[in-house]
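K.L.:
Have a look at this fold, sequence not included:
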């Protein structure tokens with residue numbers, strides 16, 4: 001679940017919620033606004049591609 005609140009262009013308070021895929025996309029975009037990239041949230045072990053290393057050894 002993703003919930004957000006703010007002001008619209010007229011200055012009126014608004015709020016809304018999203019769930020599922022829409023919530024995931026919105027969180028991704030909010031992370032960008034805070035300077036967080038997807039790669040920052042990944043576990044370091046996911047960066048190791050053993051198959052690539054085997055092929056290029």
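P.N.:
Noted; the coordinates are in hand. The structure displayed is predicted, hence computed values, not measured ones.
K.L.:
ok, now which ones touch the residue nearest to the spatial centre of the chain?
P.N.:
By CA atoms, centre = their mean, the chain has its centre lying nearest to residue 28, at 2.0 Å. By CB atoms under 8 Å, 6 or more residues apart in numbering, the residues touching residue 28 are residue 38. C-betas here are computed from N, CA, C, even on glycine.
K.L.:
Is it in a helix, a strand, or coil?
P.N.:
The three-state label given to residue 28 by DSSP: H, G, I helix; E, B strand; the rest coil is helix.
K.L.:
any idea where the helices of this structure begin and end?
P.N.:
Secondary structure of the chain, counting by DSSP state H: helices at 21-33, 38-41, 50-55.
K.L.:
Could you double-check that residue 18 sits in contact with residue 26?
P.N.:
Yes. Residue 18 lies in contact with residue 26 (CB atoms under 8 Å); the separation is 5.5 Å.
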